[in-house]
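Undergrad: This is a predicted model, with the sequence first.
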Amino acid sequence: MNELAMLAVLCCGMAAAAPPEGPGLEEILSRVAANQERAVEARSRVVYQQKIRSRLLRGKGRVAREEWREYTVTPAPEGTAKERVVFRGQYEKKGKLLPYDDPKFRHKELDLDGEILESVVEDLVEDRKSRDGLSADLFPLTRAEQRHYQFELAGTRMVAGREAWVIRFVPRKGEDGRPWKGEALVDREAFQPLAVTTEMDKGIPGWVKVVFGINLKQLGYSVTYREARPGLWFPASYGSEFFLRLFFGYSRTVTVSLENTDFRMAEAESRITYETPAPPQ
């Protein structure tokens, strides 16, 4: 056999042995959307603990106000019911951190720190209509949200020993109500998200800054997921940090972190455990 013929045989053999190509982006997104729906349905039978830490920081990271909340979360006909089992807070006054035990506590008539921190927690992690406390429109991978975004398959990456697709997304043109761009890491075997990280696609328009004196910087969030048991995927941690400035000189760095743990099935009360990552700081 001459060299040319041998080369042809080798090439044919290599082609036959080559692994088949993976699914395309459209199929990946379709399967992820279907799994998201199944995951939400599965979460409707789960009781778990939720811990939330929220902070307002002055310059150089000095604490202005800080709160810790812990809830027992149980299924409800629509969404969840949350029983607060722990609350503690502290605020800074004249260089000292003073404690309080009521989320409605205000230490002066116009207490912007108290109003803003309560509002941020309610907006970001207190959606009682969801099964995990997080607002549904934060997540671009559900069937309802996918139509608002453009996606790009950008290779693969190892995440905690699991191979994941890297999927980048930006809002479709004209989607003023969807501010996020970012990256999702999707498990190649389970077609479930392992992590979603976002940032604002566009900053606040200049006229808003001028007229209302409001500025937000570095607004975004990150969510990690874990498989609590076969078929039950749950957001394990959530974190958000951004800078807020108002027209009269008020400025704070806002941070919120959430951790879901101690999962139990509501019917049988069978405990589900896994190693939970430390909440983002």
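TA: Perfect, I can see it now.
Undergrad: just to confirm, which helix or strand has Leu56 in it?
TA: When secondary structure is defined by DSSP states H and E, Leu56 falls within strand 46-57.
Undergrad: my bad, Ala184
TA: Ala184 belongs to strand 180-187 when elements are defined using DSSP H and E.
Undergrad: tell me the mean pLDDT for that strand?
TA: Mean pLDDT, computed over strand 180-187, is 94.
Undergrad: Could you give the number of residues near Glu199?
TA: Burial of Glu199 is recorded as 15 neighbouring residues (other Cβ atoms under 10 Å). To be clear about C-beta, it is placed using only N, CA and C from the backbone, and glycine gets the same treatment.
Undergrad: how many other residues sit next to Val63?
TA: 13.
Undergrad: Which residues does it form beta bridges with?
TA: When bridges are assigned using DSSP bridges, the partners listed for Val63 are Leu57.
Undergrad: center of this protein, which residue is that?
TA: The centre of the chain sits closest to Val223, judged by Cα atoms, centre = their mean, with a distance of 3.0 Å.
Undergrad: Now do the helix or strand hosting that residue: everything it contacts.
TA: Val223 is part of strand 220-229, with elements assigned from DSSP H and E. Strand 220-229 is touched from outside by 46, 124, 134, 138-139, 180, 182, 190, 192-200, 233-242, 263, 272, 274, 276-277, 280, with contacts defined as Cβ atoms under 8 Å, 6 or more residues apart in numbering.
Undergrad: how does it look with 6 Å?
TA: Surrounding strand 220-229, the residues in contact under the criterion Cβ atoms under 6 Å, 6 or more residues apart in numbering are 193-199, 233-240, 263, 272, 274.
Undergrad: So which other helices or strands are in contact with the strand holding Leu56?
TA: For strand 46-57, the contact count by 3 or more Cβ pairs under 6 Å, 6 or more residues apart in numbering; DSSP states H and E identifies strand 63-75, helix 112-125, strand 251-265 as packing neighbours.
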